[in-house]
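S.K.: fold the following for me, if possible:
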Amino acid sequence: MVSKHPSKQRRTSGKAALHVKRKRIRARLLSDDSELQGIRTVTVRAGDEVEVLRGDFSNPNSVKADSRGKRLGQSRGRAGIKAKVASVDTERGMIFVDGITSSTADGKEEGVPIRPSNLVVTALFEGDPLRIKRLMERSGGAADE
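M.R.: Now for the predicted structure:
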């Protein structure tokens, strides 16, 4: 971006193309894999395993998992959830994780959107070998061919 003005920064990021917005949905990578030690962040995809670090679903303070949380007007609960990414909303820049839902007024269960900065990717989705190969090249390790 060219301008230093915050309002112009927000406007251009909001008007950006979807392929640019998708690249901005990035989160920290914490992996035990020695080949991925050079990688700090990755673009989050559906199927990746994540852990929620901040927000209503980050700190274990509750005995009853479903009855606590800021959304319900009480202290935080359901902490440190580790689950797979269900879907990614590229337009809004939000991530939906399996098992994190809230009930609507008519009784339906609806996914809770989470910002990628509140997540840590713990395991990558293995279904895309090209993605793994590119990450290996980025980390400085030799990609197996």
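
S.K.: where does pLDDT dip in the chain?
M.R.: Where the chain drops to pLDDT under 70, the residues are 1, 56-79, 141-145.

S.K.: what does whichever strand in the chain runs longest contact?
M.R.: Ranked by residue count, the top strand of the chain under DSSP state E comes out as strand 82-89. Residues outside strand 82-89 that contact it (C-beta atoms under 8 Å, 6 or more residues apart in numbering) are 22, 25, 44-52, 94-100, 111, 113, 122. Yep, even glycine has a C-beta here, placed from its N, CA and C like the rest.

S.K.: name only those of those that count as buried.
M.R.: By the neighbour-count criterion of 16 or more other C-beta atoms under 10 Å, the contacts of strand 82-89 include these buried positions: 22, 25, 44-45, 48-52, 94-97, 100, 111.

S.K.: and these, which is closest to T12?
M.R.: Proximity of those to T12 was ranked by C-beta to C-beta; the top entry is R22 with 15.9 Å.

S.K.: show me the contacts for the closest one.
M.R.: Per C-beta under 8 Å, 6+ apart, neighbours of R22: T43, V88, T90.

S.K.: one more time with 6 Å, if that's ok
M.R.: Under the criterion of C-beta atoms under 6 Å, 6 or more residues apart in numbering, the neighbours of R22 are T90.

S.K.: list the contacts for A46?
M.R.: With contacts taken as C-beta under 6 Å, 6+ apart, A46 has the following neighbours: V85, S87, V88.

S.K.: dihedrals phi and psi, it?
M.R.: phi -60, psi 130 (degrees, to the nearest 10).

S.K.: quick revisit: list the ones among the contacts of strand 82-89 that fall in strands.
M.R.: For these, secondary structure assignment (DSSP E) places E49, V50, E51, V52, M94, I95, F96, V97, G111, T122 in strands.

S.K.: spatially central residue in the protein, please.
M.R.: P116 (3.7 Å; C-alpha atoms, centre = their mean).

S.K.: I'd say that one and V44 touch.
M.R.: Yes - taking C-beta atoms under 6 Å as the contact criterion, P116 and V44 are neighbours in contact, 5.5 Å apart.
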